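>>> Need the 3D shape of this:
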Amino acid sequence: MAMNKQTKLVFALEHVAHLHDLIEDNEYEHYLMDHLITLECEIERQLANELHKKNRQLGTGVQHQSNKEAIQEGIGNIGGLTPQIS
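Alright, predicted model coming up:
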């Protein structure tokens, strides 16, 4: 069974969330986190773009929602994606 792009990106974000936990307390945690956050941001960007293709209303408005906000609006919380308190 083939997965669509959205499903693959959601699974990737879940794996990234697990990696955050696994590299905690690693001797090179800071170095690993830098790279992991870069990967996480790119996956979030791609997922937000996929969601926007399906629903043009996501992530629009005066405030220009972040990728995390658009994802949460489109499919809810995933892995490490938690609502930001302003």
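>>> For K68, give me the pLDDT.
Reported pLDDT at K68 in the predicted model: 75.
>>> so which strand or helix has it?
helix 67-75 (DSSP states H and E).
>>> which parts of that helix are buried?
Neighbour counts over helix 67-75 (16 or more other C-beta atoms under 10 Å) mark 67-72, 74 as buried. To be clear about C-beta, it is placed using only N, CA and C from the backbone, and glycine gets the same treatment.
>>> Remind me what the helix-or-strand element of the chain with minimal mean pLDDT packs against, helices and strands.
Least confident element among the helices and strands of the chain, by mean pLDDT, DSSP states H and E: helix 67-75 (a mean of 75). With contacts defined as 3 or more C-beta pairs under 8 Å, 6 or more residues apart in numbering; DSSP states H and E, helix 67-75 has these neighbours: helix 29-54.
>>> Show me what the helix it packs on is packed up against.
helix 5-22, helix 67-75.
>>> between the ones you listed, which one is nearest to E40?
The closest of the helices and strands packed on helix 29-54 to E40 is helix 5-22. By C-beta to C-beta, the value is 4.8 Å.
>>> the inter-axis angle of the closest one versus helix 29-54?
160 degrees (axes from the mean of the first three to the mean of the last three C-alpha atoms, to 10 degrees).
>>> List the buried residues in helix 5-22.
For helix 5-22, the neighbour count (16+ other C-beta under 10 Å) marks 6, 9-10, 12-13, 16-17, 19-20 as buried.
>>> Great, nothing more from me.
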